[in-house]
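Chemist: fold the following for me, if possible:
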Amino acid sequence: MRSFPLKIIWCLQDNFENRNGLISYLNMTISDIKIRFQTELTALYSRSEAEELFSIFCEHFLRLNKAAARMQPERDLSANQYQQFLESIAALKTGKPFQQVLGETEFFGMKFFVDEHVLIPRPETEELLELAINKIQEKSTKNQVLDSAQTDSSQTLKFKILDIGTGSGIIPIVLKKHFPQAEIDAIDISNEALKIARRNSEFHQAEINLIQKDYLNENLDNVYDIIISNPPYIGIEENIEIEESVKGFEPSMALFSPTADALIFYRKIAKDSKNHLSENGMLFLEINQKLGKETLELFRDFSESVLLKDISGNDRMIFVRK
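Modeler: Numbers count the residues shown, from 1 in each chain. Next comes the predicted model:
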């Protein structure tokens, strides 16, 4: 049988894959589609990055982890699987983040749905959640010791949490999984983002009060024991520093401050915390690494306020106790 260059086979496959009889003649294997990933994505990704992307999509479409895919290089793909890979490659070539191409991502060891209306979760937000979980657990343990006479000690874990700018709902859902007794409100200005948050909360069976609210222009209604937020904190002047793959595909309103004041959300959070954070309540904020000291200064009147670094050594979080 005459052999054809791989690119010609790709072209024939793309043009004729839906015609009966040709699909078996031009079947593509795992090895073939891996080479195609590497070949077609070289303009945007290094070879190692393309290989990692292939592994991610291979697990998603074929339910094969990296080791299993490596052991079955000549396994044939179905016409539908092949089409899924082709569409994914085409989307990736536009610069679209792979999480949006898949429609999901992993965060804190959990699966979350994402789309163009919400931010793709970052590792820094996992660090913020780790900090919050540890501090809440410490406080809960102390409360149980102080209230040891209480018959049902789990009652000490009942508290109210507010997440400002919830996006896909990752923060309140993770907190709800760790503290089932907590009552959690999560607000966002975007109804489209709240649709994704609702889908995620239903998927994880996490009961969250999702509320559409223009936080900067509306008042809070309740007092909370915990307030947590990863608000838009990139200054307008920093626009040129942000990668096109981020600016072009993730919601600007979730990235950039709506005004020339990059700290506008933090100013309102500081003000609201005076009346809407309970006594000894705690506040957890993810911040712009360039404005650590300036952000911390907004909370100087609280009993405790600490600027914390992330794993990369950047000023990334602020912890406040009222």
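Chemist: export stretch 195-214 as CSV, just CAs?
Modeler: Extracted C-alpha coordinates of stretch 195-214, given in CSV (Å, rounded to 0.1, in the frame of the first residue of the first chain):
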residue,chain,number,x,y,z
LYS,A,195,-25.2,30.9,36.4
ILE,A,196,-21.8,29.2,36.4
ALA,A,197,-21.6,29.5,40.2
ARG,A,198,-25.0,27.9,40.5
ARG,A,199,-24.1,25.1,38.2
ASN,A,200,-21.0,24.4,40.3
SER,A,201,-22.8,24.6,43.6
GLU,A,202,-25.4,22.1,42.3
PHE,A,203,-22.7,19.8,41.0
HIS,A,204,-21.0,19.7,44.4
GLN,A,205,-24.3,19.7,46.3
ALA,A,206,-23.1,22.8,48.2
GLU,A,207,-25.9,25.0,49.5
ILE,A,208,-24.8,28.6,48.8
ASN,A,209,-26.9,31.8,48.8
LEU,A,210,-26.0,33.3,45.4
ILE,A,211,-26.9,36.9,45.1
GLN,A,212,-26.7,39.4,42.2
LYS,A,213,-25.4,42.6,43.6
ASP,A,214,-23.4,45.6,42.3
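Chemist: can you list contacts of it?
Modeler: 110-115, 117-118, 166-170, 172-173, 176-177, 183-191, 194 (Cβ atoms under 8 Å, 6 or more residues apart in numbering). C-beta coordinates here come from the backbone N, C-alpha and C atoms, glycine included.
Chemist: can you say which of those are buried?
Modeler: The neighbour count (16 or more other Cβ atoms under 10 Å) marks 110, 112-115, 117-118, 166-170, 172-173, 176, 183-190, 194 as buried among the contacts of stretch 195-214.
Chemist: about what we covered before: quick check: helices, which of the contacts of stretch 195-214 are part of them?
Modeler: When DSSP state H is applied, the contacts of stretch 195-214 are split such that 170, 172, 173, 176, 177, 191, 194 fall in helices.
Chemist: list the contacts of the second one.
Modeler: Counting by Cβ under 8 Å, 6+ apart, residue 172 touches 161, 163, 166, 184, 186, 197, 201, 206, 208.
Chemist: so which of the residues you listed is the closest to residue 38?
Modeler: Each of the contacts of residue 172 was checked against residue 38 using Cβ to Cβ; the closest is residue 197, at 36.0 Å.
Chemist: so the closest one sits in a strand?
Modeler: No: assessed with DSSP: H, G, I helix; E, B strand; the rest coil, residue 197 is helix; it does not lie in a strand.
Chemist: where does the prediction get shaky in the stretch 1-150 of the chain?
Modeler: For the stretch 1-150 of the chain, applying pLDDT under 70 flags the ranges 1-26, 144-150.
Chemist: what ranges do the helices span in it?
Modeler: With helices called from DSSP state H, counting those that start in this stretch, the stretch 1-150 of the chain shows them at 6-16, 22-25, 30-40, 47-62, 66-71, 79-93, 98-102, 123-146.
Chemist: now distance to residue 90 and pLDDT too, for the contacts of residue 172, in CSV please.
Modeler: Formatted as CSV, these follow (distance: Cβ to Cβ, whole Å; pLDDT from 0 to 100):
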residue, distance to residue 90, pLDDT
161, 41, 98
163, 35, 98
166, 32, 97
184, 39, 98
186, 35, 98
197, 29, 98
201, 32, 98
206, 34, 97
208, 35, 97
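Chemist: in strands, which of those residues fall?
Modeler: Cross-referencing these against strands under DSSP state E gives 161, 163, 184, 186.
Chemist: make TSV from the residues you listed and add distance to residue 294 to it.
Modeler: Formatted as TSV, the ones in strands among the contacts of residue 172 follow (distance: Cβ to Cβ, whole Å):
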residue	distance to residue 294
161	26
163	23
184	29
186	27
